[in-house]
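Chemist: sequence plus the predicted model coming up.
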Amino acid sequence: MLHDINSPKDLRKLSLIQLPDLAQELREFIIDIVATKEGHLGASLGVVELTIALHYVFNTPDDLLVWDVGHQAYVHKLLTGRRDRFHTNRQLGGISGFPVREESPYDTFGVGHSSTSISAALGMAIASQLQGEGTKQHIAVIGDASIASGMAFEALNHAGVTNANLLIILNDNAIGIDPSVGALKEYFAKTTVGDTPGGTIFEALSLTYKGPVDGHNLDALVKELKRQKELKGPRILHVVTKKGKGLRQAEEDQVRYHAPGKFDKLTGDIPKVTNAHEQLPEKFQEVFGKTLVELAEANSKIIGITPAMPTGSSLTYMMERFPKRAFDVGIAEQHAVTFSAGMATQGFKVFCVIYSTFLQRAYDQVIHDVALQNLPVVFCIDRAGLVGNDGATHHGVFDLAYLNAIPNLRIAAPATLIDLRNLLYTASIDQDGPIAIRYPRGRGEVLQWKRPFKQLEIGKGKQLKAGITVAVLSLGAIAGNVTMAIQGLPQHDQEKVAHYDMRWMKPLDHELLDQIVTQFDHIITVEDSVIKGGFGEAVVCYFAKRWQGKHVEVLGIPDQFIEHGSTMELKEIAGISTGNIQKLLQDMI
């Protein structure tokens, strides 16, 4: 049946009795593609029946459907004309792993971060009222623990005092990427399918409530959605689903199968690494997690905090070792930052670990609650730089620019695992205010990273390689690309290139910059962050004030959103790949 469905109009031609078979086809199709192409698996498997029912009952795309979080939307994409291109999911030039307005009229709102659906759908519903479109439906599907975010509560609070034609579907599966946390999760856990409780928290907010409904029972879903279609005003339908539904391993290990990488499509098993005998360097986040435990063992005032990403950030190491001193606060970045600030006022050294792309959501709190009060919070910014296939919503390329403008905040970027370890140690004994340490996704380059701690001087860079003609100034792990670019040159040209790891974006090492500018005619800066307001422009600004007329070639992310593809492909597009750097060096030598 799936290969005959090119739009929801085709879906609506099916009888209700055919829908369970279609659900099975959809699950098999998703498993078949994701097993080899990779992507987000568990979330979309959990909403197969719900997605079918929504497009079966509502007149999409005229009725507006918003997904939250967007990694639930694979089934939605398959039913809305993208089946034959689904094998390109998350690949360069292919379809996005998230809803994107430019990709399809069925993608009514771009969703990469969580908890935006209710606000967006409410805005659409009010707009429809203003335009006299009273019969149009507006549906927000909010799942994977997104309902617990502050933004979702703000939207619920507003929706309850409107008469907007808004249906909020709570996809309650008790898990985001890691298991859900908090009082709201405990509240939902007390209700079961068939309870239809009265006096809910939603009814207190003037939202008509119905549920819980079995999210895998197509008969019940279609019946209830048809009923909801006839209602008006803001209302909420509580649907209970199981993340990973239909694949045993994904149901049993929901964290790992959120995005499992490649796996056997027949058995569901993730293959064992064939080169397991080869020792690989640790990932940056693993070194963060293990180092933080070491520091916490020596200092009882050290605290770890993350907003809903304990596994991805490796804060799980500290949560296991010191459960009373490590906190997952749920999808609540703003709260995580101000919670950190509150603990810091009481003499604790707080390490707040947040992915770069998610720290953007707490910018005011970084400024107002931490930096303005000069509190010693350490921001451990994971997944900095281009992250690959998740695309524009997830690239961590803005942090250097948006943090550099904030007074009192020092900003560092380690080039190696050893540098990360030593920067964490330095931050643990520093009491002069907040520090941000950014590091990339993926593995480092050395095996023996666990060495005695060394305190690093704030604002001091170092020379990695001597040279006589061209100076390359890098910040962070992009230094590896620079090193490989230099090593790819002929030997006599290699001797002409000097390489400096500046290590600190703020404060800049002015003394080292003064040495460099007087010694070299050609200077290049390289960063895996946006050029505008970034490291390179900070260097150029310093030179313009002190050394007028000195030209600097700045390499970084151009003034555009970089889409999805492999990290290697995207660095090539952005002009910061090993090959791009090497070509520029050849032109200058």
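Modeler: Received the coordinates, thanks.
Chemist: so where's the protein shaky on pLDDT?
Modeler: Low-confidence segments of the chain, defined by pLDDT under 70, span residues 176-178, 191-199, 273-277.
Chemist: biggest helix in it, by residue count?
Modeler: Identified as the longest helix of the chain according to DSSP state H is helix 19-37.
Chemist: and that one, what does it pack against?
Modeler: Applying 3 or more C-beta pairs under 8 Å, 6 or more residues apart in numbering; DSSP states H and E, one finds that helix 19-37 makes contact with helix 42-46, helix 48-57, helix 74-79, helix 218-229. The way it works is simple: take the backbone N, C-alpha and C, and place the C-beta from them, glycine included.
Chemist: which one of those lies closest to residue 358?
Modeler: Among the helices and strands packed on helix 19-37, the nearest to residue 358 by C-beta to C-beta is helix 42-46 (17.2 Å).
Chemist: residues in contact with that closest one: which ones?
Modeler: With contact meaning C-beta atoms under 8 Å, 6 or more residues apart in numbering, helix 42-46 is reached by 27, 30-31, 69, 71-75, 143-144, 171, 173, 215, 241-247, 250, 254, 257-258.
Chemist: looking at those residues, which are in strands?
Modeler: 143, 171 (DSSP state E).
Chemist: any idea how far the residue lying farthest from the centre of the chain is from residue 469?
Modeler: Ranked by distance from the centre of the chain (C-alpha atoms, centre = their mean), the top residue is residue 492, with 43.1 Å. For residue 492, the distance to residue 469 (C-beta to C-beta, to the nearest Å) stands at 11 Å.
Chemist: likewise residue 540?
Modeler: Taking C-beta to C-beta, one finds residue 540 at 20 Å from residue 469.
Chemist: check residue 60 too.
Modeler: Going from residue 60 to residue 469 by C-beta to C-beta gives 61 Å.
Chemist: ok, those two, which is more surrounded?
Modeler: With neighbours defined as other C-beta atoms under 10 Å, residue 60 and residue 469 compare such that residue 60 has more, 24 against 16.
Chemist: need the contact list for the spatially closest residue to the more buried one that is not a sequence neighbour.
Modeler: Leaving aside its sequence neighbours, residue 60 sits nearest to residue 8 (C-beta to C-beta, 6 or more residues apart in numbering; 5.3 Å). Counting by C-beta under 8 Å, 6+ apart, residue 8 touches 55-56, 60, 79-80, 106.
Chemist: residue 77 versus residue 8, what's the distance?
Modeler: On the measure of C-beta to C-beta, residue 8 and residue 77 end up 12 Å apart.
Chemist: ok, now residue 63?
Modeler: 17 Å.
Chemist: just residue 121 next, same as before
Modeler: To residue 77, residue 121 is 19 Å away according to C-beta to C-beta.
Chemist: again, but for residue 221
Modeler: For residue 221, the distance to residue 77 - C-beta to C-beta - is 20 Å.
Chemist: picking up where we left off before, could you dump the contacts of residue 8 to TSV with distance to residue 546?
Modeler: Converted to TSV, the contacts of residue 8 look like this (distance: C-beta to C-beta, whole Å):
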residue	distance to residue 546
55	62
56	67
60	59
79	60
80	57
106	55
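Chemist: name the nearest residue to residue 112, sequence neighbours excluded.
Modeler: Closest to residue 112 by C-beta to C-beta, 6+ apart is residue 393, at 2.3 Å.
Chemist: what strand or helix carries the one you found?
Modeler: Residue 393 belongs to no helix or strand when elements are defined using DSSP states H and E.
Chemist: identify the residues contacting it.
Modeler: 70, 98, 110-113, 357.
Chemist: would you list the phi and psi of it?
Modeler: Main-chain dihedrals, residue 393, degrees, to the nearest 10: phi -70, psi -20.
Chemist: ok, now how distant is it from residue 570?
Modeler: 14 Å.
Chemist: check residue 214 too.
Modeler: 42 Å.
Chemist: for those two, indicate the residue with more neighbours.
Modeler: residue 570 (25 against 18).
Chemist: out of everything not next to it in sequence, what's closest to that one?
Modeler: In space, residue 570 is closest to residue 386, 4.7 Å off (C-beta to C-beta, 6+ apart).
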